[in-house]
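Asker: what would the 3D arrangement of this be:
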Amino acid sequence: MIKDTPKKKHTMANKYLTFFVEDELYGLSISKIKEIIAPIHITNIPKTPKFIKGIINLRGSIIPVIDIRLKFGMDEKESDVNTAIIIYEVDGISIGFIVDQVEDVILLDDDHIVDTPNFGNNIDTSFIEKVAEIDENVVVMLLDLQKIFEASELLDIKTIKLNEKQTKKVKS
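Answerer: Take a look at the predicted model:
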C-alpha cells in the first residue's frame, strides 16, 4: 500500500543583490539590474536636484546617476575602493545608483520576506518594498527604487535622458 506523504509547501525563491548605504543593508531584485560598475567620470548637469550627480557615458549610452545617500537625506561621501554604481532599470530607463558597497547576491524564499512594518503616518517607507531576515540578527530592506522618486523627479530624470538622446542625434 502506498502512503500519501504530506506535500511540502513550495515557496518561490528570488535573487537579490545586497549592498550597503552607510551601515544599512539593502537589497534589489536582480531582475532589473543591468550591471554593476566602478565609479567613472560623472558629468555634472546644472540646475538639477543635489541627489542627481549627473550623467555617465557607458559604452555609448547616456545614463543619469543618482547618489542614493543624498536621496535618503544622508551626508555625501567621497568615493573609495568599495563604492559602486548599480545600473538599474526604473520605469523603462537605465539609471545609475551610487552605493557605498556591493555585498552579495542572495537567494531568498518567500517565507523569509515580510511586509514592511508600519512606522506611522509621518514616516515614508513606501520605497521599502519588503523586509527579509537573512541571518538571525541581519535584516535586509528590499527596495523599490521607482518609489524613492516623486513623480516630478522621475519626469526630470526622463527629461535628462531624452535631452541627451536629442543632443547625440544633432551631433551625428
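Asker: just confirm Ile36 contacts Ile86, I think it does.
Answerer: Yes: contact criterion Cβ atoms under 8 Å: Ile36 and Ile86 qualify, at 5.4 Å. All C-beta spots, glycine's among them, are computed from the backbone N, C-alpha and C.
Asker: quick check: neighbours shared by these two?
Answerer: Common neighbours of Ile36 and Ile86, counting by Cβ atoms under 8 Å, 6 or more residues apart in numbering, are Leu17, Val102.
Asker: who has more neighbours, the two?
Answerer: Neighbours per residue, other Cβ atoms under 10 Å: of Ile36 and Ile86, the larger number sits with Ile86, 22 against 16.
Asker: for the helix or strand containing that one, packing partners?
Answerer: In the assignment (DSSP states H and E), Ile86 maps to strand 84-90. Strand 84-90 is packed against strand 13-21, strand 33-37, strand 93-99, strand 101-109, with contacts defined by 3 or more Cβ pairs under 8 Å, 6 or more residues apart in numbering; DSSP states H and E.
Asker: can you convert those strands into JSON lines and add a column each for mean pLDDT and distance to Lys53?
Answerer: As requested, the helices and strands packed on strand 84-90 are exported to JSON lines (pLDDT from 0 to 100; distance: least, Cβ to Cβ, whole Å):
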{"stretch": "strand 13-21", "mean pLDDT": "90", "distance to Lys53": "14"}
{"stretch": "strand 33-37", "mean pLDDT": "95", "distance to Lys53": "14"}
{"stretch": "strand 93-99", "mean pLDDT": "93", "distance to Lys53": "7"}
{"stretch": "strand 101-109", "mean pLDDT": "91", "distance to Lys53": "17"}
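Asker: if we can go back for a sec, and the strand holding Ile86, average pLDDT?
Answerer: Averaging the model's pLDDT scores along strand 84-90 yields 92.
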